[in-house]
Each structure stands twice: as structure tokens, then as C-alpha cells.
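Enquirer: have a look at this prediction, sequence included:
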Amino acid sequence: MNYESLLKELEKEGVEVIEYKFRSDSLKGLYFDNVITLNPANIIDDKEKACILAEEYGHYRTSFGNILDQQNTSNVKQEKRARNWAYEKLVPLEKLIDAFEACIHNRYDLADFLGVTEKFLDLTLSHYQEKFGTYAECRDYLIYFSPLGVLRQFKNDDYPSESHTGE
């Protein structure tokens with residue numbers, strides 16, 4: 001899912017997305033009251049823009065109240081929940097399988113294929129490892145998170161039958 005797709009989805013949900021240069025040099029995005037504000041001065045490219053937008057979308061979906069004070073444990077948990085939502089939104093397990101089937105062989109190409117930054121990809125894989133452990137099963141595949149690997153599982157019906165008679 002890219003930036004434009006996220007914008008369309010947010011529009012359908014009645015969430016406005018605007019760009020505004022914040023006074024803070026470190027703040028890249030903010031969600032408040034059905035408005036997501038992105039700071040274009042601190043965003044490098046469209047991939048990063050999609051990642052920031054997805055996280056703020058995650059706040060729309062999972063957070064409540066003012067959570068800017070990250071000394072508050074409840075706010076930290078809400079921040080983590082929004083980020084986890086964004087990871088799963090932009091990099092669902094099925095997309096990792098699609099990349100494997102498309103013969104993607106390195107992290108740079110994988111991040112490019114998924115339309116996310118390499119940092120976002122690394123954080124996503126850490127999230128999945130925290131959520132599932134060493135690997136997760138999806139469709140007929142095992143997805144290992146560290147090191148990253150995708151393996152196709154063979155089922156009994158994938159093997160040819162042994163119906164020869166030997167005569």
C-alpha cells in the first residue's frame with residue numbers, strides 16, 4: 001500500500017490529511033481530531049511519507065486523547081499500538097510471500113518492493129518476531145523473521161501418488 005492508497009482510504013473514513021511545517025524539527029507527523037498533519041520539511045521521500053502517514057493512521061484507529069507525554073506509560077503503550085498497526089497495514093505477512101514469489105533477494109529490494117523505508121521494514125520484522133516468535137505460518141509458507149526467510153511448505157497432496165504396481 002503506497003501513500004496515495006492510504007490517502008484515499010483515509011478520505012473515505014473522513015480523516016483529513018494536511019501538510020504543515022511544525023516548529024519542532026523532530027516531529028514528522030501528528031494526529032488530532034480526525035486530522036493528520038505531516039511535516040514535509042522532515043520527510044525525505046514518498047516511502048517515508050507513507051510510513052509516517054500509516055503510523056498516524058494507526059493513531060486514528062487505536063489511540064485516544066493527548067499522548068504526546070511519552071513519560072506516561074499509557075501513552076507509550078498507545079504509541080506502540082499505533083506503530084504495530086502501521087507495520088501490519090503496510091507490510092502484511094502476505095506481502096512478504098509476494099516478495100519471495102517475485103524473487104526479491106535482499107533487504108533494499110524488499111523495502112523498495114513493499115514501498116517502505118529499510119528502517120520501517122526492520123522495525124516491522126522486529127514487531128512480527130515479538131508477536132509470533134521465530135516464525136509465522138501464512139498460506140502454505142513459513143516466514144522466519146531473523147534472519148528473514150520464506151519457505152514454502154509442501155502438503156501431502158503436493159507429492160505425486162505412489163500408485164505404480166511395479167509390473
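Expert: Okay, I see it.
Enquirer: can we go C-alpha only for contacts and neighbour counts from here?
Expert: Will do.
Enquirer: pretty sure Leu53 contacts Asn2?
Expert: No. Counting by Cα atoms under 8 Å, Leu53 stays clear of Asn2, with 9.8 Å between them.
Enquirer: the more surrounded of these two?
Expert: Leu53 (26 against 17; other Cα atoms under 10 Å).
Enquirer: residue nearest the centroid of this protein?
Expert: For the chain, Tyr87 is the residue whose C-alpha lies nearest the centre (Cα atoms, centre = their mean; 2.5 Å).
Enquirer: contacting residues around it?
Expert: Shown in contact with Tyr87 (Cα atoms under 8 Å, 6 or more residues apart in numbering): 120, 123-124, 127.
Enquirer: and those residues, which of them are buried?
Expert: 120, 124, 127 (16 or more other Cα atoms under 10 Å).
Enquirer: which helices and strands sit right next to the helix or strand containing the last one?
Expert: The reference is to His127. Counting by DSSP states H and E, the element that carries His127 is helix 118-132. The helices and strands touching helix 118-132, judged by 3 or more Cα pairs under 8 Å, 6 or more residues apart in numbering; DSSP states H and E, are helix 73-90, helix 107-114, strand 141-145.
Enquirer: and these as JSON lines, adding mean pLDDT and distance to Leu151?
Expert: What follows is the helices and strands packed on helix 118-132, written out as JSON lines (pLDDT from 0 to 100; distance: least, Cα to Cα, whole Å):
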{"stretch": "helix 73-90", "mean pLDDT": "92", "distance to Leu151": "20"}
{"stretch": "helix 107-114", "mean pLDDT": "97", "distance to Leu151": "16"}
{"stretch": "strand 141-145", "mean pLDDT": "97", "distance to Leu151": "5"}
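Enquirer: format those as JSON lines; extra columns: distance to Val17.
Expert: Putting these into JSON lines (distance: least, Cα to Cα, whole Å) gives the following:
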{"stretch": "helix 73-90", "distance to Val17": "16"}
{"stretch": "helix 107-114", "distance to Val17": "22"}
{"stretch": "strand 141-145", "distance to Val17": "33"}
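Enquirer: quick one, which of these gets closest to Val35.
Expert: helix 73-90 (15.4 Å; Cα to Cα).
Enquirer: give the buried residues for that closest one.
Expert: 75, 78-90.
Enquirer: out of those residues, who's nearest Leu68?
Expert: Asn75 (7.3 Å).
Enquirer: so that closest one sits right up against Leu68, yeah?
Expert: Yes. Using Cα under 8 Å, Asn75 makes contact with Leu68 at a distance of 7.3 Å.
Enquirer: not counting sequence-adjacent ones, nearest residue to Lys49?
Expert: Excluding the flanking residues, the one nearest Lys49 by Cα to Cα, 6 or more residues apart in numbering is Ile43, at 6.1 Å.
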